[in-house]
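S.K.: What follows is a protein structure lacking sequence information:
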């Protein structure tokens, strides 16, 4: 066997092939038979390649069998469960030239190569503009009195949504999503197709094009419903009518209760820019979620179409790739929920009678611990519906669940060792548990006294899981492949 690893013209005998098949098949008759067939086929392909090298003429019919010589492998790689030398990985697909209005491919370009930096830069640039305007208009730190004796801080710099969720959590989510897309289309996808011995029914770019209507729907929802409809209904009409009984006053609606601080015209202008910025960031977030769904669906489709003859050299890489896709989808979901959490937390504070958001959270903690009797209340007697942030939470959890089901269906089509099956099941369970805990923390905001402790615990668990992962400790696979 060692001779076979050398860069020479020596081969491997039939007896040695039979012994290797028994080793790789764990002495299981069915798996041993499959390994023996694969090793024989590999030997035949190697023979064809070596014969072609000895001939001076280039036979194009042999090109399809070209593969790296077995001598390029190490013993450790040969004996690993991810032994996948049967075929040369396919070349990455040629990027099509985008002409005219092709929204799907235009969105794909935003996540390709270094182009994905356009999204974080746009987020930070838009926020910088709002920061400068807030400082110039002197609404970065401003108070008003919703109830006699209370001066409520509603300044721009005190909003966790504008200064924590959107400039920190969202850019990290977009970078992770873009990294997954680039690795998938440039490397992982072509390797799965080659090692699995299958041909995909569609290319990556064809797969993206199939979601064209979804990309258009996202664009229209973000810039028609989130931007235009919400801006007109929540800000423009109340400002034009000088409606002072608005339940939720923020730094842009301060013109209604304190015209000495901000004029109506200035409030209309800055609220227009603020909601245009919101439409942009929601577009980025929803588009990233759609790409996560696309990658996981593409992975599942390839796994379902693979040739069973290549199972012995395919399963390790498919398992590793599926976990990688799901890990990215999981981390992106955590970051997206953190964005939704910041939005709801700010909205809940604005309709409470607390004077500052930090003081509100601290006082809520002291109430549960019994250190104070000063209970906070809602200004209108009931909390806001928090409709936008709840829809965001629902969408993120739905996409996470859809990605999990697709990746799991793909991995389930792949023969695994018992330890790998256990590892996958534990990983899915831990992911769902952390997402569930974080979602409960979101839902419980403002629902009872002491919610801040539950919120802090759920956020801590989610961030620790994000940083250190949720996969159980890896072990060397043993036993039969099932």
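M.R.: That came through, no problem. Computed from a predicted structure; not experimentally measured. Numbering: from 1, shown residues only.
S.K.: Quick one: mean pLDDT over the helix or strand harbouring residue 428.
M.R.: Element membership of residue 428 [criterion: DSSP states H and E] is helix 418-443. On average, the pLDDT along helix 418-443 is 90.
S.K.: Likewise for stretch 156-176?
M.R.: In this model, stretch 156-176 has an average pLDDT of 92.
S.K.: Can you give the distance of it from its chain's centre?
M.R.: Centroid separation between stretch 156-176 and its chain, computed with C-alpha atoms, centre = their mean, to the nearest Å, is 16 Å.
S.K.: And the closest residue to residue 178 other than its chain neighbours, how far from residue 401?
M.R.: Nearest non-adjacent residue to residue 178, counting by C-beta to C-beta, 6 or more residues apart in numbering: residue 116, 3.5 Å away. (Glycine included, C-beta is placed from N, CA and C.) The gap separating residue 116 from residue 401 is 25 Å, by C-beta to C-beta, to the nearest Å.
S.K.: Tell me which of these two has more neighbours.
M.R.: Under the criterion of other C-beta atoms under 10 Å, the comparison of residue 116 against residue 401 puts residue 116 first, with 21 against 14.
S.K.: which residues sit in contact with that one?
M.R.: Taking C-beta atoms under 8 Å, 6 or more residues apart in numbering as the contact definition, residue 116 lies against 110, 174, 175, 178, 182.
S.K.: number of nearby residues for the fourth one?
M.R.: The number of residues packed around residue 178, counting by other C-beta under 10 Å, is 22.
S.K.: Can you check my assumption that it lies in a helix?
M.R.: Yes. Assessed by DSSP: H, G, I helix; E, B strand; the rest coil, residue 178 belongs to a helix.
S.K.: thought it was touching residue 109?
M.R.: No. In this structure, residue 178 is not within contact of residue 109 by C-beta atoms under 8 Å, at 10.9 Å.
S.K.: Check for me that residue 123 belongs to a helix.
M.R.: Yes. Residue 123 forms part of a helix when assessed by three-state DSSP.
S.K.: Nearest residue to residue 17 in space, please, no chain neighbours.
M.R.: Closest to residue 17 by C-beta to C-beta, 6+ apart is residue 39, at 4.8 Å.
S.K.: make that residue 159, sorry
M.R.: Leaving aside its chain neighbours, residue 159 sits nearest to residue 346 (5.1 Å; criterion: C-beta to C-beta, 6+ apart).
S.K.: domains in the chain, as residue ranges please.
M.R.: Following automatic domain parsing, one gets these domains for the chain: 3-79, 103-468.
S.K.: and whichever strand or helix holds residue 404, which residues are buried?
M.R.: Following DSSP H and E, one finds residue 404 within helix 387-412. Under the neighbour-count criterion of 16 or more other C-beta atoms under 10 Å, helix 387-412 has 388-389, 392-393, 396-397, 399-400, 402-404, 406-411 buried.
S.K.: Check stretch 110-130 too.
M.R.: Quick answer for stretch 110-130 (16+ other C-beta under 10 Å): 110, 111, 112, 116, 119, 120, 122, 123, 126, 127, 130.
S.K.: where does the stretch 51-200 of the chain dip in pLDDT?
M.R.: 51-101, 195-200 (pLDDT under 70).
S.K.: Strands along that one, start to end?
M.R.: 143-144, 152-153 (DSSP state E, counting those that start in this stretch).
S.K.: picking that back up, what sits against the residue nearest to residue 17?
M.R.: With C-beta under 8 Å, 6+ apart, residue 39 has these contacts: 12, 17, 20, 21.
S.K.: same for the helix or strand where the last one lies, what does it pack against?
M.R.: Going back to what we said before, that points to residue 21. Secondary structure from DSSP H and E places residue 21 in helix 14-24. Under the contact criterion of 3 or more C-beta pairs under 8 Å, 6 or more residues apart in numbering; DSSP states H and E, helix 14-24 touches helix 29-54.
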